[in-house]
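here are the coordinates; sequence isn't available:
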């Protein structure tokens, strides 16, 4: 029993000694670690290399040549879509791709025919009334002339045979019959002119009715639009990106769809206005089809719109519409497929480029911090080209220089303001 107790006491003393040794080791290690003073500044070694500035853009494929399908201009009126072939369907030459509702055209044709009948009846009525008025007024004119002739024949002028009163009365009768004859002749002329005017008005109404009927008949003849040749039908999209549908109203000459030539395609993409500096024709590009990972196609910029425009009236963001021509026809692409393109705006070999975050502004100058001995010194530099991530150094640095990627004079937790702040893209 005594020996067992001594053994337990010995084990406890050994454990206490081991714990004391661990505490001493921890204290010594802490002092050693505290004596280490790392600079904590990431660096970058400057060397000649390749500089590339690229910009991304999104868009879709379209055919270089396509046959447009328009609402027949000869219809002369708006028409409502009753049938429309699906977007992307394959059509054959002569196949109906769009059919319009005939109700409005048939109603206008019926109204036009009714107006024409009414106008013709108006003309006949004016002609009949004119004939009747001419006959009646002609009779009045003839009676007035006979009375005037009688008054002239039996005019009393001999003062030795007739009293002065009879002579005056005879003269007055003659003047009255002459006035009646003149009035009858003028009425006859006025009636003729009025009858002609009424008939002319009737002819105008008839002409309007005939024109209405002709337009309706043209609309009836233009109720179907057929495919000009075999191909893929691509419906036209409006400013909201929507395609026509059944029930929509279309106007004469409006583009409904197109049948593209699939042998030659191009990509229409949109580059942000902020990224479009230096964008021009002839630059290299590449694009990939969304949904086809691993496939990439070479292209080049063939056209750039001179002005940036908005794509959505609800958004103020502007884009440069850019057309990319394929280097070769891959043969497995279709119009309307969404693409993600990369346009190479600038490139150079054997230049000194540094990360954009290594450039700072100090006392109104653009500087980098170059390693010198055990520290860093501020060196003024000039830049020639720039991309989103890198800058090409024109002067101030040489190959092999090591520069700091942050201000070595600022503490890591300190937010740099004023002197020593990173230089922005526009400085």
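Perfect, thanks for sending it. Here the structure is a predicted model, which is why all the values come from computation and not from measurement.

In the chain, which residue is most central in space?
Closest residue to the average C-alpha location of the chain: residue 239 at 4.6 Å, with Cα atoms, centre = their mean.

I'd assumed residue 313 was in contact with that residue.
Yes. If you go by Cβ atoms under 8 Å, residue 239 and residue 313 touch, sitting 7.2 Å apart. In this view, the C-beta of every residue, glycine as well, is placed from N, C-alpha and C.

you'd agree the residue nearest to the centre of the chain is in a helix?
No. Under the criterion used here (DSSP: H, G, I helix; E, B strand; the rest coil), residue 239 is coil, not part of a helix.

Residue 310 versus that one, what's the distance?
For residue 239, the distance to residue 310 equals 10 Å [Cβ to Cβ, to the nearest Å].

for residue 209, same thing?
Distance, residue 209 to residue 310, by Cβ to Cβ: 47 Å.

In terms of neighbours, single out the busier of these two.
Set residue 209 next to residue 310 and count neighbours by other Cβ atoms under 10 Å: residue 209 wins out with 20 against 12.

Quick check, pLDDT for the more buried one.
On the pLDDT scale, residue 209 is placed at 84.

Please apply the same query to residue 397.
Value for residue 397, per-residue pLDDT: 90.

wait, it sits on residue 358?
No. The pair residue 397 / residue 358 is not scored as a contact, 10.0 Å apart, by Cβ under 8 Å.

Name the residues contacting each of those two.
Here residue 397 and residue 358 have 368, 403 as joint contacts, going by Cβ atoms under 8 Å, 6 or more residues apart in numbering.

Neighbour count for these two, which is higher?
For the pair residue 397 and residue 358, the greater number of neighbours falls to residue 358 (25 against 18), based on other Cβ under 10 Å.

Do I have it right that that one meets residue 402?
No. Between residue 358 and residue 402 there is no contact under Cβ under 8 Å: 10.6 Å.

shared neighbours of the two, anything?
Joint contacts of residue 358 and residue 402 (Cβ under 8 Å, 6+ apart) are residue 44.

and the next element down the chain from the one helix or strand in the chain whose mean pLDDT sits lowest?
Every helix and strand in the chain was compared by mean pLDDT, DSSP states H and E; the lowest is helix 2-35, with a mean of 45. For helix 2-35, the following helix or strand on the C-terminal side (DSSP states H and E) is strand 43-45.

elements contacting the helix or strand just after that following strand?
Per DSSP H and E, the first helix or strand lying C-terminal to strand 43-45 is strand 48-63. Counting contacts by 3 or more Cβ pairs under 8 Å, 6 or more residues apart in numbering; DSSP states H and E, strand 48-63 packs against strand 255-260, strand 265-272, strand 338-355, strand 382-386.

For residue 406, which of those is the nearest?
Residue 406 lies closest to strand 338-355 among those, at 10.6 Å (Cβ to Cβ).

Taking strand 265-272 as reference, get the angle to the closest one.
Strand 338-355 and strand 265-272 meet at an angle of 50 degrees, taking axes from the mean of the first three to the mean of the last three Cα atoms, to 10 degrees as the criterion.

list the buried ones in strand 338-355?
Using 16 or more other Cβ atoms under 10 Å as the test for burial, strand 338-355 gives 339-343, 345-346, 351-354.

partner strands of the helix or strand just after that strand, parallel or antiparallel?
Using DSSP H and E, the next helix or strand after strand 338-355 towards the C-terminus is strand 360-362. Within its sheet, and counting by DSSP bridges, strand 360-362 is paired with strand 365-372 (antiparallel), strand 421-422 (antiparallel).

ok, the closest residue to residue 123 other than its chain neighbours - contacts?
Distance criterion Cβ to Cβ, 6 or more residues apart in numbering; nearest residue to residue 123, sequence neighbours excluded, is residue 202 at 3.6 Å. Residues near residue 202 by Cβ under 8 Å, 6+ apart: 119-120, 122-123, 126.

what's across from the closest residue to residue 390 other than its chain neighbours in the sheet?
Take residue 390 and drop its neighbours on the chain: the residue closest to it by Cβ to Cβ, 6+ apart is residue 353, 4.6 Å away. Applying DSSP bridges to residue 353 gives these bridge partners: residue 392.

Make sure residue 353 is actually in contact with residue 49.
Yes. Assessed by Cβ under 8 Å, residue 353 is found in contact with residue 49 at 6.3 Å.

Common neighbours of these two, please.
Shared contacts of residue 353 and residue 49 (Cβ under 8 Å, 6+ apart): none.

list the buried ones in stretch 86-96?
Using 16+ other Cβ under 10 Å as the test for burial, stretch 86-96 gives 87, 91.

Can you measure across it, start residue to end residue?
Its start and end residues considered, stretch 86-96 measures 12 Å (Cα to Cα, to the nearest Å).

And stretch 377-397, by the same measure?
Start and end residues of stretch 377-397 are separated by 12 Å (Cα to Cα).

Provide the contact partners of that stretch at residue level.
In contact with stretch 377-397 (Cβ under 8 Å, 6+ apart) are residues 46, 51-54, 346, 348, 351-356, 359-360, 362, 365-370, 403, 425.
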